[in-house]
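Got a predicted model here, sequence first, then my questions.
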Protein chains: 4
Amino acid sequence: MSKFAPTPNDKFAFGIWGIQNRGRDPFGDATRPAVSAIDAIRGLAERGCYGFEFHDNDLWPIDATPAARDAVLRDVRKVMADTGIKATMATTNCFYHPVFKDGAFTSTDPAVRLYATQKVMRCLDVAAELGAGVYVFWGGREGVEVDVAKDPITTAGWFRDALNFLCEYVLTQGYDIKFSLEPKPNEPRGDLYLPTVGSMLAFIGTLDNPEMVGVNPETAHIKMAGLNPYHEFAQALDAGKLLDVHLNGQKPLRYDQDLSFGSDDLREAFLTIKLLKDHDYSGTIGFDAHPYRTESDPWDFVERNLRTAKILMDKVRQFNENRQIQDLLAELHGAHPELADMTKKYSSATATKLKNLELDPDHLAARRLPLERLDQLFTELLLGVL
Amino acid sequence: MSKFAPTPNDKFAFGIWGIQNRGRDPFGDATRPAVSAIDAIRGLAERGCYGFEFHDNDLWPIDATPAARDAVLRDVRKVMADTGIKATMATTNCFYHPVFKDGAFTSTDPAVRLYATQKVMRCLDVAAELGAGVYVFWGGREGVEVDVAKDPITTAGWFRDALNFLCEYVLTQGYDIKFSLEPKPNEPRGDLYLPTVGSMLAFIGTLDNPEMVGVNPETAHIKMAGLNPYHEFAQALDAGKLLDVHLNGQKPLRYDQDLSFGSDDLREAFLTIKLLKDHDYSGTIGFDAHPYRTESDPWDFVERNLRTAKILMDKVRQFNENRQIQDLLAELHGAHPELADMTKKYSSATATKLKNLELDPDHLAARRLPLERLDQLFTELLLGVL
Amino acid sequence: MSKFAPTPNDKFAFGIWGIQNRGRDPFGDATRPAVSAIDAIRGLAERGCYGFEFHDNDLWPIDATPAARDAVLRDVRKVMADTGIKATMATTNCFYHPVFKDGAFTSTDPAVRLYATQKVMRCLDVAAELGAGVYVFWGGREGVEVDVAKDPITTAGWFRDALNFLCEYVLTQGYDIKFSLEPKPNEPRGDLYLPTVGSMLAFIGTLDNPEMVGVNPETAHIKMAGLNPYHEFAQALDAGKLLDVHLNGQKPLRYDQDLSFGSDDLREAFLTIKLLKDHDYSGTIGFDAHPYRTESDPWDFVERNLRTAKILMDKVRQFNENRQIQDLLAELHGAHPELADMTKKYSSATATKLKNLELDPDHLAARRLPLERLDQLFTELLLGVL
Amino acid sequence: MSKFAPTPNDKFAFGIWGIQNRGRDPFGDATRPAVSAIDAIRGLAERGCYGFEFHDNDLWPIDATPAARDAVLRDVRKVMADTGIKATMATTNCFYHPVFKDGAFTSTDPAVRLYATQKVMRCLDVAAELGAGVYVFWGGREGVEVDVAKDPITTAGWFRDALNFLCEYVLTQGYDIKFSLEPKPNEPRGDLYLPTVGSMLAFIGTLDNPEMVGVNPETAHIKMAGLNPYHEFAQALDAGKLLDVHLNGQKPLRYDQDLSFGSDDLREAFLTIKLLKDHDYSGTIGFDAHPYRTESDPWDFVERNLRTAKILMDKVRQFNENRQIQDLLAELHGAHPELADMTKKYSSATATKLKNLELDPDHLAARRLPLERLDQLFTELLLGVL
């Protein structure tokens, strides 16, 4: 089955925090030994990953001295040089320390907001040094439980100011870095601000440098709002804003599970890969997941995520080449080609013509749409029995 | 309790389809007699409503002749003149007829897309004639069950083309009308495209005339994705895009219930009213709900929606005047005022200064945030025992 | 691919209401022509179904005269004789007519409760005559929107009284019929009483003749509460109460979709079939679904449900025969066999022995559980690439 | 506002783990200093609580020597004697230590199952000594992520065996203790077994000593499955199995929040209190919640839970005494009293009479049910404006 072995050409990347995850949860203690960042990065390289992703405090502790931090970075650069793996995405941990308990950029305390901004600036310098072109903001504490405490328009303004400032910092420093915003609807806050891909895309439109900012959708976060990952990833792609992706698995509408990609709903996993392939997405295919808490080490877990993605890439190819499926699709999309472009461009003449066009709804309604059959062909392709 | 009696100054509006709703549902037949559009409008006027909202086919049947339609419109204009009630919002029914079974603007059949566009144009003419300044698009059939059948980027393009065309039509005709997009995550389709307020706001940014288009968020639709209505309404308001609101009630994450406003979660209802009042929202306060199927006529239902909104307006006033609450809020928002504006404007000097600012996270983390106490004061104010 | 063709030996059954479903929904009109009950039954027989399931009013209208009803029944018996298909399950429509608007057995009006009871008695006579051994109660209107209107303990008493009465009726008549209760959490009521398999099983324990009553779990209804269908079906089976099953598909936590079996989550569909096979479930495998509203006729839909079930039966066989998977399972279940039965039977000696047994939690915690690997093998088997 | 001050007569109890909770969550570190068990118990006593609830390891560490444990217990007995507070509920922590990573009573390793059983036995001795009459089982690790790894019928058997053994232990020791099972649908496992009140009630029916076992429903756990807490608590009460309650708050269908009681949906909170009052529930009113992570200490939090419960008790009294509301309820429940008891007792004569009773569904359907009005009166009572 080596046909599904990943290679750097697949542009797979993995968040090292998932490798380092020790299985601690709200009701239980760690179940796995610590894995150093260096071992995590090396392990990913050995398994064919193109890149790794990191938070500042995945590499150095929040209270590290500059010297201690630099020592870590030397080791990181060494493993990168040794293995060829790239640092593809960096981000800041603005959620773990109690200082962020009521928000980082949306804290009511300006000093906390500045501390978060400063923490990002410092990590941006590292990201630039390591060559990470995408810098993610996941606002794990940007939310509330008590909505009467904060006006959500005021808090949006605070976050906007911080991003505008940080964009300018990147531009002034000449860093080749884009920002990518990662939405999540809730947890660890009762409600998180800007909970969906759409919210983030809309918010970007209100920034001073929107062209520098995109989104980083995550499967699990989308499913925590019961939304359709295929549609959410697609809107970002359609807007030219899909800078990075975080694939994983999740049962809808429950706590954040960060399961292995494809370990939940195989149709959704297929569709996500199909979207990226059909539209020639050129970013990394990042995974943001962690092993089951029952697991003793992270490596079976890492391998299965990559393998499933490869298998699904092959299924996408089969789907796009399958004659029965493609014929059905052609039939579904084949009605009235002569009318397809009528409203592409407005003119008063076209408006008049359209207003008077004879269209019989009862007749149009009668068209047969063999969607049960199409979906069944897809099902059987997925199950490997077509 | 006449202090809670609504008046046209409250700018309440009601969708007449909720008054006309006969209690039919997927598992049962109609339970109430028909109410004519004219009786619905008159009944709203008699109960102090400022406006009414309508779909084309709430007023005339889909197969009405132009003459039949004009006769209806004469009656509508008469009841408007008699009572002073305004037509504040119009919209098109592009979901009931089987022609829309696989989408209106996102149908794979260009003829269906044109039929939908034509239907909107014809109703826009009526909207302009009746003086409705807001024209809503709720895409009840714009979605899928079988995602392999349609590329969501292609369908977004079809919808974009239609809206661009229709914007030009409004501009060319010189109508004083803005478009307002109403998102919903699912039902009656497995998934609806552009499911959230954020998705719609982001989509507007990709249109040719974004300044002509805003959103019409609905409480129930937001709660069907488990999102926070206060936050969703706020993002629209913050973007200058809150053209209309649809208030109602809903248990989260289940079928569309369209319950009375405030009949579900009173905190959420309060926060929605608070947002509109605190930010001087100037549009109508529209209700999109229908009576319980057990009800014999719509009028107790109509009255309670208006009354609850009035009671909550009074609660908002009390909240904003309450000394204990306002003192707590001042305390919560009072930290480090000298740092509040440091990142408002970028300069390299500020960046350097911020990067070197001494900020001790442990010290900042120690700040007391009495949010349980604040929320309890709010609870008791809501319960009328503060 | 005839290896997946269904035969009566598979004991597949289909609710004819799904075949008769015309695509009407809360927001739209019928999209398909009517299919007569006779044509539905014949069509199922032709496609290899063992049985059909029906509501009284799927066969005859609620206001049919006895003569009209008997004429229908003659036709039904004829198609049964012609094709060999069996009437495996009968049920009463106690939800469509407005008389049930606030409940059938839980209406506040005793006359409505009696009307429902009478309606069941009359259909029980037909069920007995047609040889249906399972009689289902789905309480589509047994619920509330306004909880202050009815005490849920009082309403439970009304339902219990009705079931006790009807059990006695069956016993007295000498019918070979068991009752099967079908839970659903909500829709068409805000909340339905006895919303889960567990609630129904527990309620059965409070009846006078619990041995006559079991449950009829439905995949979609389970997923509407976000619960795990495998676990819910299993509890019913474990309790000896799984009299019938209703398989279908559903996106969790939204409106009732009644999608094709396996058109949603293939893992869940596999697990359901696995449970039935592993535990030698001997009832019919019933489907309660309807075609997409976009469909022109029901037959692609019917065929795909049966086909998917057959494919998954084959996957279950593969799973149970796969060496890698079975070895891993043996390893997972192989620890400390000598301790497996220690608490099977209580004695004071065992209690003392257990209380003093030396068990080192840190040591036991260190055991390796290769669940990522197991789940990946399962994934690849499902995808047909193992 | 001293009218809402709690007293021991209210029989309020609080889980001390909520007081001891330090604000750690999956994404962040502790935000509050430790509170000792003794300080927690004393603080509850000082605020009018009748009882406290505890896990074994809330009082002593999992690796405490018997001597260390006994020292703790001496202190606990002293604070109980000093303040009069009672130990009303005890339970075992079978979820925190990694030994339970794949289940306690449902671990595949018999040694782990025995370790859990032993841990319960040892804590039962303490519970008996401290006079706790209710012993809770919350199976935080009794679940799965990988369903192909364990047959749910096998795991149910393991749990049943353990409970049967432990019941015998209690009986043999002569302890005056009942077991109470606390369901939760998911988190920290992907799915937890026996996820609902109904599942637990049904499971109890399969035990050897069902009369010794009841349930401990928790508001938040019920809402995590989107179910109706009023209905779930009611089924337990109706079955005579409501041994204890855990009140708190939760946004539906998301991670376990354990918010303050009444800080979410005030209607639901009211209904829960109404149920307990209307049916003379005589157990303790327990709270299982913890402060917001933003809070510095637990005491505002504790006080608000008790206060809200007291306020709602007063609202229940008002509801039951309100003339308008009670008149409406009498009207709703007043139809056809002469028919109310017809099916209470079966006889063939009654069956025949009922079968032939003339009942006109159209006529019965016409009855007016003023539920919008009733719900609005309730709303205004809750808001304190009736």
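Yep, it's here. Worth saying up front: this structure is predicted, and the values here are computed from it rather than measured. Numbers count the residues shown, from 1 in each chain, chains lettered A, B, ... in the order given.

In terms of helices and strands, where is the closest residue to A:Phe95 other than its chain neighbours?
Nearest non-adjacent residue to A:Phe95, counting by Cβ to Cβ, 6 or more residues apart in numbering or on different chains: A:Gly140, 3.3 Å away. Bear in mind the C-beta positions are built from the backbone N, C-alpha and C, glycine included. For A:Gly140, there is no host helix or strand (DSSP states H and E).

Help me confirm that A:Gly140 comes into contact with A:Pro188.
Yes. The criterion here is Cβ atoms under 8 Å, and A:Gly140 meets it with A:Pro188 at 6.0 Å.

Apart from its neighbours in sequence, what residue is nearest A:Asn164?
A:Asp208 (4.5 Å).

near chain D, which residues of chain A?
Within chain A, the positions lying close to chain D (Cβ under 8 Å from any Cβ of the partner chain) are A:23-31, A:95-98, A:100-102, A:140-141, A:145-146, A:185-188, A:190-191, A:224, A:251, A:253-257, A:259, A:292-294.

tell me the domain ranges of chain A?
A:8-321, A:323-383 (automatic domain parsing).

Ends of the shortest one, what's the gap?
Right, domain A:323-383. Using Cα to Cα, to the nearest Å, the end-to-end distance of domain A:323-383 comes to 17 Å.

Show me what the mean pLDDT comes to for it.
Mean per-residue pLDDT for domain A:323-383: 97.

Can you classify A:Leu194 by secondary structure?
Under DSSP: H, G, I helix; E, B strand; the rest coil, the three-state class of A:Leu194 is coil.

That one reaches A:Pro185, doesn't it?
No. Taking contacts as Cβ under 8 Å, A:Leu194 lies outside contact range of A:Pro185: 9.5 Å.

On the three-state scheme, the residue of chain A found nearest chain D is what?
Using Cβ to the nearest Cβ, the single residue of chain A nearest to chain D is A:Tyr255, 3.7 Å away. Three-state assignment for A:Tyr255 (three-state DSSP): coil.

who touches the residue lying closest to it once chain neighbours are set aside in this structure?
The shortest distance from A:Tyr255 to any non-neighbouring residue, by Cβ to Cβ, 6+ apart, is to D:Tyr255 (3.7 Å). Counting by Cβ atoms under 8 Å, 6 or more residues apart in numbering or on different chains, D:Tyr255 makes contact with A:Asn186, A:Glu187, A:Pro188, A:Arg254, A:Tyr255, A:Asp256, D:Glu187.

Could you identify the most distant pair in those residues?
A:Pro188 and A:Arg254 (14.2 Å; Cβ to Cβ).

sec struct for A:Thr88, please.
strand.

no no, A:Ala13
Per three-state DSSP, A:Ala13 ends up strand.

Quick one: end-to-end length of stretch A:87-99, please.
Note: stretch A:87-99 ends 28 Å apart using Cα to Cα.

Measure how far it is from the centre of its chain, please.
Stretch A:87-99 sits 16 Å away from the centroid of its parent chain (Cα atoms, centre = their mean, to the nearest Å).

cool, stretch A:279-293 as well?
With Cα atoms, centre = their mean, you get 7 Å for stretch A:279-293.

Give the residue spans of chain A that score low on pLDDT.
Within chain A, the segments meeting pLDDT under 70 span A:1.

about what we covered before: quick check: neighbours shared by A:Gly140 and A:Pro188?
With Cβ under 8 Å, 6+ apart, A:Gly140 and A:Pro188 have common neighbours A:Phe95, D:Phe27, D:Gly28.

Export those to CSV and append columns for neighbour count and secondary structure.
Converted to CSV, the shared contacts of A:Gly140 and A:Pro188 look like this (neighbours: other Cβ atoms under 10 Å in any protein chain shown; DSSP: H, G, I helix; E, B strand; the rest coil):
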residue, neighbour count, secondary structure
A:Phe95, 23, coil
D:Phe27, 17, coil
D:Gly28, 19, strand
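
export those to JSON lines and tack on distance to C:Asn216?
Listed next are those as JSON lines, based on distance: Cβ to Cβ, whole Å:
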{"residue": "A:Phe95", "distance to C:Asn216": "46"}
{"residue": "D:Phe27", "distance to C:Asn216": "42"}
{"residue": "D:Gly28", "distance to C:Asn216": "45"}
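
Any residues of the stretch 201-350 of chain A in contact with chain C? List them.
Residues of the stretch 201-350 of chain A lying near chain C (Cβ under 8 Å from any Cβ): A:226, A:251-254, A:260, A:262-267, A:291-292, A:294-296, A:300-301, A:303-304, A:307-308, A:311, A:315.

Emit the PyMOL select command for whichever of the residues of chain A next to chain D are buried.
Of the residues of chain A next to chain D, the buried ones go into a single PyMOL selection, burial set by 16 or more other Cβ atoms under 10 Å in any protein chain shown:
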select buried, chain A and resi 23+25+26+27+28+29+31+95+96+97+98+100+101+102+140+141+145+146+185+186+187+188+190+191+224+251+253+254+255+256+257+259+292+293+294
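
which ones among the residues of chain A next to chain D are found in strands?
Secondary structure from DSSP state E places A:Asp191 of the residues of chain A next to chain D in strands.

hmm, back to that, the residue nearest to A:Tyr255 and D:Asp265, how far apart?
17 Å (Cβ to Cβ, to the nearest Å).

can you check A:Gly384 too?
Applying Cβ to Cβ to A:Gly384 and D:Asp265 gives a distance of 47 Å.

Of those two, which one has the most company?
Neighbour totals were compared for A:Gly384 and D:Asp265, and D:Asp265 leads with 23 against 18 (other Cβ atoms under 10 Å in any protein chain shown).

my guess is that one contacts B:Gly262, does it?
No. Contact criterion Cβ under 8 Å: D:Asp265 and B:Gly262 do not qualify, at 11.9 Å.

Quickly list what's touching both of those two.
Joint contacts of D:Asp265 and B:Gly262 (Cβ under 8 Å, 6+ apart) do not exist.

Quick one: name the residues of the stretch 201-350 of chain A near chain B.
Counting by Cβ under 8 Å from any Cβ, the residues of the stretch 201-350 of chain A that sit close to chain B are A:201-203, A:205-206, A:225-228, A:230-231, A:234-235, A:237-239, A:253, A:267, A:271, A:274-275, A:278-279, A:319, A:325, A:329, A:332-333, A:335-337, A:339-340, A:342-344, A:346, A:348.
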